[in-house]
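[1] Build me a structure from this.
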Amino acid sequence: MPTSPVTAPHSASNGAPPAIMLELVDEHGTTIGTAEKLSAHQPPGRLHRAFSVFLFDERGRLLIQRRALGKYHSPGVWSNTCCGHPYPGEAPFAAAARRTHEELGVSPSLLAEAGTVRYNHPDPDSGLVEQEYNHLFVGMVQGAPDPDPEEVGETVFVTPAELAERHAAAPFSAWFMTVLDAARPAIRELTGPAGGW
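    Sure thing, here's the model as predicted:
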């Protein structure tokens with residue numbers, strides 16, 4: 001991760017990577033402070049700002065990713081196109097576009113806000129808790145993804161039927177269905193009623 005004004009003051013003197021800071025929010029999404037990423041996810045979790053991206057190809061198929069096995073949170077499970085946390089003070093829209101490019105090597109087009117959703121999802125495998133105020137985005141992707149292997153293990157484009165089949169057969173992130181359901185109105189507007197979303 002590149003050093004930014006947000007992370008630079010938290011760099012360890014022993015050469016360890018800088019701490020990643022998240023923006024803490026209240027129930028209305030108003031910023032109330034910051035916390036280090038891992039500590040914000042320790043039970044019971046601290047409510048923080050996040051984003052989730054859903055990108056579609058010209059055929060209306062959703063791009064999903066399987067999280068890399070080396071990730072400390074929810075490794076090896078399938079999830080939406082991209083998700084993450086803005087740096088404190090970073091606009092969620094900018095963070096969503098930045099992180100999609102960093103993880104998948106693609107720049108979304110027609111990226112649009114799709115509302116927000118607040119949830120509390122414990123992850124039974126890691127023991128971590130997702131207490132998030134999540135900003136949703138939908139858009140299109142052109143060209144083939146070129147994922148960062150440290151972040152993404154695999155990608156695939158799926159139709160609604162293929163997603164349902166895969167969801168029944170393979171593990172998905174604890175938050176996936178919550179963010180997908182919250183984004184469905186905007187997804188249907190983007191893909192059209194014939195898309196089946």
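[2] Confirm that residue 181 sits in a helix.
    Yes - under DSSP: H, G, I helix; E, B strand; the rest coil, residue 181 falls within a helix.
[3] And the pLDDT for residue 8?
    The per-residue pLDDT reported for residue 8 equals 35.
[4] dump the residue contacts of residue 171.
    Contacts for residue 171 (CB atoms under 8 Å, 6 or more residues apart in numbering) come out as 76-78. Quick note: C-beta positions are derived from backbone N, CA and C, even for glycine.
[5] Actually, residue 139.
    With CB under 8 Å, 6+ apart, residue 139 has these contacts: 53-56, 108-112, 190.
[6] Swap in 10 Å and give it another go.
    Each residue near residue 139 by CB atoms under 10 Å, 6 or more residues apart in numbering is listed here: 53-56, 81, 96-97, 100, 107-112, 114, 186, 190.
[7] Any of those buried? List them.
    53-56, 81, 96-97, 100, 108, 111, 114, 186, 190 (16 or more other CB atoms under 10 Å).
[8] and the helix or strand hosting residue 186, how far out from the chain's middle?
    Counting by DSSP states H and E, the element that carries residue 186 is helix 176-191. Chain-centre distance of helix 176-191: 14 Å, with CA atoms, centre = their mean, to the nearest Å.
[9] Would you mark the buried spots in it?
    By neighbour count on 16+ other CB under 10 Å, the buried set for helix 176-191 is 176, 178-180, 182-183, 186-187, 190-191.
[10] Turn the residues you listed into TSV, including pLDDT and distance to residue 30.
    Listed next are those as TSV, based on pLDDT from 0 to 100; distance: CB to CB, whole Å:
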residue	pLDDT	distance to residue 30
176	96	26
178	97	21
179	98	21
180	98	26
182	98	20
183	98	22
186	97	23
187	97	27
190	95	29
191	94	32
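[11] Looking at those, which one is closest to residue 130?
    Closest to residue 130 out of the buried residues of helix 176-191 is residue 178 (9.3 Å), distances taken as CB to CB.
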